[in-house]
Structure formats: C-alpha cells, structure tokens
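Student: need the 3D shape of this:
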Amino acid sequence: MKVVVIGGTGLIGSKVVTRLNEHGHEAVAAAPNTGVNTLTGEGLAEALKGASVVIDVSNSPSFEDEAVMDFFRTSTANLLKAETEAGVTHHVALSVVGTERLQESGYFRAKQAQEELIKASGIPYSIVHATQFFEFMKAIAAEATEGDTVRLAPVKIQPVSSDDVAATVGRTAVGAPVNGVVEVAGPDAFQLDQLIRKGLAAENDPRTVVTDVHATYFGTELKETTLLPAPGAHIGKTSYTDWLAQQR
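Tutor: So this is what the prediction gives:
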C-alpha cells in the first residue's frame, strides 16, 4: 500500500518510512525539503496520488502561541482537503498523551485543534498519543531552567523511545482506522524531577534540579497523572536506562 508520511524526514517520520518500506509498503517521505509543503499546499496533490494512508508526524517550526496554532490549523486543513480529493481512506496523526489536560499551553491548544479538525473531517482516522520521547528530556529541562536551576514538579511521567513510537505509528497506519486514540508509552514510570535529575547526571550537566509542586510544564501546572497514559496503552520495549547507555 502507498503511505505518505508528512514530516517524513524528521525524527519519527524517517523511522516510520524506513519501517514501512522494510515491510513491503510504498512509504513516501513528504516534507518541504522533498517538495511538499502543507502550509502552502505545494506538491500535496501530486504526493497523495494513489495513497491509501496519510501519516502526519509534522511539527510547527515555532512554538509561539499564535504561530503554532496557525501551523496546525492551516496545515491540517490543507492536508485533509487534499486527502478527500485523492480518496485517502486512513488518516493517522501523532499527538501527545495528556493533550486535553494541558490546555493552558498554547502548543497543546494547537494540538487539540488539530485533533478536532481530524475528527470532523469525515476521513477514517487514528490518532496516536505518545508520552514524551526520551529525546525530548533535554527540552523539558531547558524549558524549566532558570540560571543553573531546573524547577520541576514531582509528578509521574512514562517517557518512551522514538523507535517505539515509530513502531506504533507504523502498525496503526497499516491496520484498520480506530476512529479514536491509540496510546503508547515507555515501560517505566518515573517522577519527573527525578527523571530529569538522572538524565542531567548521565551527561555530567551541573544544573541543579529543584522539586516544586507549582512548577509549570510548558506553561501548565501538572497533576499527578496529567502526563500518564490510560490503562491499555501500548508499552514500548526500550527502557530509559538502556536508551541512556546507547547514547554514550
């Protein structure tokens, strides 16, 4: 089957393209650097010719509130219109566990808007909610840093490897549309402040992690379970400890 991967040259997209091609599918990486731009519509119609499935793992180049909302609304609307015209029968999008619980954040409001457009499109769909990637722990630390202090809430998080996310996205894409949400998380839950402390120590990073129940996560105060998946989530194989060892 032909599968077009929007954002197919990025971290997750490139892994999805490789996996699908290895399993005998025709996976096409679609991104601005391959001549496909979902914001302008450039190259979309040509890329989607003959496609059964479209996977959207693209992300906004800017996380500023207005820019990120414009990106996901415009890109998703253009993509869904092109899919309807091309006869695509399954739309798969990658989103984030807890999106609906993080609406004080402009980024997550934009992701919620994206999901609502997909659900209203009439195209059979599957939305994959992933917990935060191991690769994203540096960004969490950076966002929470003031000077040499990293201020984080003592809440639970169950991060996942990008390889395990890509595997779930690929399996979901070649299966029947669920017209709902599929969740994927890593095998282990951590306390967020302790997890970042562990990651910084592994890199000999001198910053100090301070535990603060009111510390915000990309603009939102967290509850104990805000970042955790629901029961029944797909559980990845790679542990954070093993992943850290692979980075050395």
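Student: drop to CA atoms for contacts and neighbour counts, all remaining ones
Tutor: Fine.
Student: quick one: terminal-to-terminal distance for stretch 26-34?
Tutor: 16 Å (CA to CA, to the nearest Å).
Student: in that stretch, what's buried?
Tutor: If you call a residue buried by 16 or more other CA atoms under 10 Å, then stretch 26-34 has these buried ones: 27-32.
Student: with stretch 4-23 instead?
Tutor: By neighbour count with 16+ other CA under 10 Å, stretch 4-23 contains the buried residues 4-9, 12-20.
Student: could I get the contacting residues of residue 229?
Tutor: 97-98, 131, 158, 183-185 (CA atoms under 8 Å, 6 or more residues apart in numbering).
Student: kindly recompute the last result at 7 Å.
Tutor: 97, 183, 185 (CA atoms under 7 Å, 6 or more residues apart in numbering).
Student: again with residue 227
Tutor: Residue 227 neighbours (CA under 7 Å, 6+ apart): 97-98, 156-157.
Student: what distance do you get for it to residue 54?
Tutor: 27 Å.
Student: of the buried residues of stretch 26-34, closest to residue 138?
Tutor: Using CA to CA, residue 31 is the member of those that sits closest to residue 138, with 24.9 Å.
Student: so what's the closest one up against?
Tutor: Counting by CA under 7 Å, 6+ apart, residue 31 touches 6-9, 37.
Student: separation between it and residue 151?
Tutor: 36 Å.
Student: now the nearest residue to residue 137 once chain neighbours are set aside: phi and psi?
Tutor: Excluding its sequence neighbours, the residue lying closest to residue 137 (CA to CA, 6 or more residues apart in numbering) is residue 196, at 6.7 Å. The phi and psi values for residue 196, taken as degrees, to the nearest 10, are phi -70, psi -40.
Student: and residue 196, how far from residue 188?
Tutor: Taking CA to CA, one finds residue 196 at 14 Å from residue 188.
Student: again, but for residue 215
Tutor: 23 Å.
Student: try residue 226
Tutor: 16 Å.
Student: which ones are touching residue 242?
Tutor: Taking CA under 7 Å, 6+ apart, one finds nothing in contact with residue 242.
Student: which residue ranges of the protein form strands?
Tutor: For the chain, applying DSSP state E gives strands covering 2-6, 26-30, 53-56, 90-96, 125-130, 145-146, 149-152, 156-157, 181-185, 190-191, 208-211, 216-217, 220-221, 234-235.
Student: can you say which of these is nearest to residue 241?
Tutor: Closest among those, using CA to CA: strand 190-191, at 11.6 Å.
Student: which strands and helices sit next to that closest one?
Tutor: strand 156-157 (3 or more CA pairs under 7 Å, 6 or more residues apart in numbering; DSSP states H and E).
Student: who touches the strand it packs on?
Tutor: 189-192, 224-225, 227-228.
Student: which helix runs longest in this protein?
Tutor: helix 65-86 (DSSP state H).
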